[in-house]
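K.L.:
Here is a sequence together with a model predicted from it:
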Amino acid sequence: MTPLERALHDRIRAEGPITVEAYMETCNSYYYATRDPLGAAGDFTTAPEISQMFGEIVGAALADCWQRAGKPEDAMYVELGPGRGTLARDALRVITRAGLRPPVHFVESSPVLRQAQELAVPQAHWHESICDLPASGPLLVVANEFLDALPIRQHVGGVERRVELIGGHLAFDRDGEIVETSPARDAAVTALCRRIAEQGGVALLIDYGHGRSAPGDTLQAVRAHRFVSVLESPGEQDLTSHVDFQRVAEIAAQAGAEVAGPSEQGPWLERLGITARSRVLANATPERAGEIEAARARLCRPDQMGSLFKVLAIHAPKWPSPAGL
Ligand code: SAH
């Protein structure tokens, strides 16, 4: 039994069944606080860890918006859940070349990942939540695989689904057609969009999910690059759910921001020049040409990350809409 599993058993014995939301929140807080889960030796691999091209294209999209917005000097780079800092490092290289050296602000809860981020981007400032970001200056924001890690609630026939103990094992208390909501995700998107509407700027939200709200159970667990049961080894596996981008877009509009997309990740990367960039990189390092093409295919192909992953942009009413959406 994992240490967290023992604590969950004790809690359910004392309090009764806990909501899926409390379960996911407890598991992911422990999971991210105790390890770096990324990469081949970890549990899952994200787009920026596959290729530098991903972060470069994010950087180019943000820099292009900044230029078309009139190059405000006080713009800052903001990343939510920056992992190892790889995306930020790649994006900032391109942003710097476009003429901006922005202060860097990371929203990150994990002390382990903060250490990795410090190695990649030593000049960064760290924050616990979006509310702690500086209150003036336009924001150039990216969040890749951040929203999917925030806890969700599940309801079956209008009744909240919980995790209980049956015969000494964790089990769901009901099954059926599941409707998911995420107050934590809604709150994060609201806080971000209010800031963007007031301070100016743009955000690229990239995650796997769907463009239209629909019922369905999308909670999943990944460990060592395989899907595993959600209730197995709590705290030792990554719990995520699909992002409902229709809901994110509605929340953004309510908070006074404008929305572009969502677009599927593959076509978005193609429109922003990933094929040309992969050729330049392959010509510069011919011995790596095969690896570069494989990374491009993994990011773009519909049967890999190209379709399931979506990109949604949010921008201040006075800011331009990012290219490629
Ligand atoms: N964006 C990175 C990492 C994705 S993993 C990449 O693409 O590689 C999810 C990231 O979000 C991790 O950095 C994790 O520590 C962070 N995170 C998860 N829940 C969080 C929360 N509630 N507040 C702040 N950061 C969180």
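P.N.:
That came through, no problem. What you are looking at is a predicted structure, and each value in this text was computed from that prediction instead of being measured.
K.L.:
Taking the protein, what residue is nearest to the ligand?
P.N.:
Closest contact between the chain and the ligand, by CB to the nearest ligand atom, is at G81 (2.3 Å). To be clear about C-beta, it is placed using only N, CA and C from the backbone, and glycine gets the same treatment.
K.L.:
Name the nearest residue to that residue, ignoring sequence neighbours.
P.N.:
Leaving aside its sequence neighbours, G81 sits nearest to F146 (CB to CB, 6 or more residues apart in numbering; 3.5 Å).
K.L.:
pretty sure the residue of the chain closest to the ligand contacts L150?
P.N.:
No. Using CB atoms under 8 Å, G81 makes no contact with L150, being 9.2 Å away.
K.L.:
Nearest spatial neighbour of R174, chain-adjacent residues omitted?
P.N.:
Closest residue to R174 apart from its sequence neighbours, by CB to CB, 6+ apart: V156 at 4.8 Å.
K.L.:
Revised request: answer the last question for T86.
P.N.:
Of all residues not flanking T86 in the chain, P48 sits nearest, at 4.5 Å (CB to CB, 6+ apart).
K.L.:
Next up, identify which helix or strand the one you found is on.
P.N.:
Assigned by DSSP states H and E, P48 belongs to helix 47-50.
K.L.:
Would you map the strands across the stretch 151-300 of the chain?
P.N.:
Per DSSP state E, counting those that start in this stretch, the stretch 151-300 of the chain carries strands over the ranges 153-156, 159-160, 162-166, 169-172, 178-181, 201-210, 220-223, 226-228, 238-240, 243-244, 258-264.
K.L.:
Highest mean neighbour count out of these?
P.N.:
A comparison of these by mean neighbour count, using mean count of other CB atoms under 10 Å, puts strand 243-244 on top with a mean of 26.
K.L.:
for that strand, packing partners?
P.N.:
strand 201-210 (3 or more CB pairs under 8 Å, 6 or more residues apart in numbering; DSSP states H and E).
K.L.:
angle of the strand it packs on against strand 258-264?
P.N.:
40 degrees (axes from the mean of the first three to the mean of the last three CA atoms, to 10 degrees).
K.L.:
Figure out which of the strands of the stretch 151-300 of the chain is closest to A295.
P.N.:
strand 201-210 (16.2 Å; CB to CB).
K.L.:
Pull up the pairing partners for that closest one, direction included.
P.N.:
strand 139-144 (parallel), strand 243-244 (parallel), strand 309-315 (antiparallel) (DSSP bridges).
K.L.:
anything in it near the ligand?
P.N.:
No. Using CB under 6 Å from any ligand atom, strand 201-210 never reaches the ligand; the gap is at least 8.1 Å.
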